[in-house]
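1. model this:
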Amino acid sequence: SPAIVAGSLIDLVYQHTELFFRSEKLQQYAHHWATLLKRILLGYEPIGELREAARQENMDLELLLEMPDEEVVGIVYNGSNWVDHCYPCVLFLSIKYRDEPEAAMQASANL
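-> The predicted structure follows:
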């Protein structure tokens, strides 16, 4: 398994968001994302972890995955409210394009 010092990733993410963003909501999202990445790096099943994270954010994945990307990232989660909607957008794209990383990057860049 990868060598990850307990808490080090989360500490680094917290320091980064505290230094550059000073947003409590963004710090919460950064903590959730760092915890999710840490669990995946430790060998937990990625799609299960992503779906659980989406469930914790009260995301209706069945509905969202049927919608065009532009409606999900633009209407449901509005780009003008970046801080409040960044994490759900990342979760949505990560789940939808879980087997297509290049398509995920293209979708993210084009939204």
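
2. contacts, neighbours, all on C-alpha from now
-> Will do.

3. For the residue lying closest to residue 85 once chain neighbours are set aside, list each beta-bridge partner.
-> In space, and not counting its chain neighbours, residue 85 is closest to residue 77: 5.4 Å by CA to CA, 6 or more residues apart in numbering. Beta-bridge partners for residue 77, by DSSP bridges, are residue 73.

4. Run a quick neighbour tally on residue 77.
-> 18 (other CA atoms under 10 Å).

5. Can you name every helix or strand that the longest helix seen in the chain contacts?
-> In the chain, taking DSSP state H as the definition, the longest helix is helix 24-41. With contacts taken as 3 or more CA pairs under 8 Å, 6 or more residues apart in numbering; DSSP states H and E, helix 24-41 sits against helix 8-20, helix 46-56, helix 82-96.

6. got the buried residues for it?
-> 26-27, 29-38, 40 (16 or more other CA atoms under 10 Å).

7. that older thread, and the residue nearest to residue 85, what is it in contact with?
-> 85, 88-89 (CA atoms under 8 Å, 6 or more residues apart in numbering).

8. By mean pLDDT, flag the weakest helix or strand of this protein.
-> helix 8-20 (a mean of 72; mean pLDDT, DSSP states H and E).
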